[in-house]
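Colleague: Sequence plus predicted model, see below.
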Amino acid sequence: MRSSSLSYPCLTVSTGAAVLVDDPAAHLQPSRDQLAQWSKEQETLAKAQQAAPDVKSPKADRALSEEAIRKRKEREEKRRAAQLAAGVDPLEPTPTPAPDNTTVAQHTIVIPAASDSLAWYDPNYKAYSSLEEAKGAGIWDFPSNLAERARCGVFHDLWKKGFFMGSGIKFGGEFLVYPGDPLRYHSHFTASVIDSPQSALRPMEIVAHGRLGTATKKSHLLCGWDDDKKEVSYVSIEWAGFG
């Protein structure tokens, strides 16, 4: 599977191994023959579009109802009255411009989204078999700071524990945590990532997370990342009633 990009490297899967491709650099300078072949294909497509029969709207052949005819007459009468008030004779024909015999044929140019549809695209030109190689080439720098490392570490740890993750931005967190396949289960947790054991957490934030989790029928999961030990600690919050 391949996803192309105009300004970022794309991730491809080839022969069972993940490969990073610097997509912009993989679009080489096309040769004269390649450009001629591409132009010929576009010309063939344009001729096929122009030769296709016009499809008329079903409303075009529909007879006007009596009500529509009456409204049209009323509009024409109002238009004549306005012309007479402006000193224009409605019976005098208005000059029409000379017909323009030059017509421009209309067609649509289709450019496929997949990069490998172009003959001058070579994914092997700038391909890297590991993230380390891509980082060394300067096209990949994620994760590059503590916040990104924390999110990657929490995601990886939850994934190893058998959970599935989704986007949690609508529920006040980084991830939605599912106990299994999201097509079969509802999410049990909304996870927020705390990027350091020394990060401060205000009491009002704890209250807000607890009440939000209850309102969305989820427990809020606080995920503390220790960048030195590369470990994650978890605390879940639920809003409980009194008495």
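Modeller: Looks like it arrived, so ask away.
Colleague: where exactly do the strands run in the protein?
Modeller: Applying DSSP state E to the chain gives strands spanning 10-14, 17-21, 127-128, 164-167, 175-178, 189-194, 219-226, 231-237.
Colleague: Tell me the strands beside the last one, with direction?
Modeller: Strand 231-237 has the following strand partners under DSSP bridges: strand 219-226 (antiparallel).
Colleague: Poorly predicted segments of this protein, please.
Modeller: Residue ranges of the chain with pLDDT under 70: 1-18, 54-64, 89-105, 241-243.
Colleague: list the contacts for Lys135?
Modeller: Neighbouring residues of Lys135 by CB atoms under 8 Å, 6 or more residues apart in numbering: Asp141. In short, each C-beta sits where N, CA and C put it, glycine included.
Colleague: re earlier: can you put the strands of the chain in CSV and add mean neighbour count and distance to Pro30?
Modeller: Shown next, in CSV, are those (neighbours: other CB atoms under 10 Å; distance: least, CB to CB, whole Å):
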stretch, mean neighbour count, distance to Pro30
strand 10-14, 15, 20
strand 17-21, 18, 18
strand 127-128, 18, 20
strand 164-167, 15, 39
strand 175-178, 23, 43
strand 189-194, 23, 45
strand 219-226, 22, 47
strand 231-237, 15, 49
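Colleague: closest one to Arg70 among the ones you listed?
Modeller: Ranking the strands of the chain by proximity to Arg70 (CB to CB) places strand 164-167 first, at 56.4 Å.
Colleague: Next, format the strands of the chain as JSON lines and append distance to Ala85.
Modeller: Output for the strands of the chain, formatted as JSON lines (distance: least, CB to CB, whole Å):
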{"stretch": "strand 10-14", "distance to Ala85": "66"}
{"stretch": "strand 17-21", "distance to Ala85": "71"}
{"stretch": "strand 127-128", "distance to Ala85": "76"}
{"stretch": "strand 164-167", "distance to Ala85": "63"}
{"stretch": "strand 175-178", "distance to Ala85": "67"}
{"stretch": "strand 189-194", "distance to Ala85": "68"}
{"stretch": "strand 219-226", "distance to Ala85": "71"}
{"stretch": "strand 231-237", "distance to Ala85": "75"}
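Colleague: can you tell which of these is closest to Ala114?
Modeller: Nearest to Ala114 among these is strand 10-14; the distance by CB to CB comes to 10.7 Å.
Colleague: if we can go back for a sec, nearest to Gln49, of the strands of the chain?
Modeller: strand 10-14 (30.7 Å).
Colleague: Would you tell me which of the strands of the chain gets closest to Arg151?
Modeller: Using CB to CB, the nearest of these to Arg151 is strand 189-194, at 5.2 Å.
Colleague: closest to Ala52 out of the strands of the chain?
Modeller: Here strand 10-14 is closest among those (CB to CB), at 34.7 Å.
Colleague: hang on, the earlier thing: out of the strands of the chain, which gets nearest to Gln42?
Modeller: strand 10-14 (24.9 Å).
Colleague: Go through the strands of the chain and name the closest to His156.
Modeller: Nearest to His156, of the strands of the chain and by CB to CB, is strand 231-237 at 8.8 Å.
Colleague: who's in contact with that closest one?
Modeller: By CB under 8 Å, 6+ apart, strand 231-237 touches 153-154, 157-158, 189, 206, 209-210, 213, 219-226.
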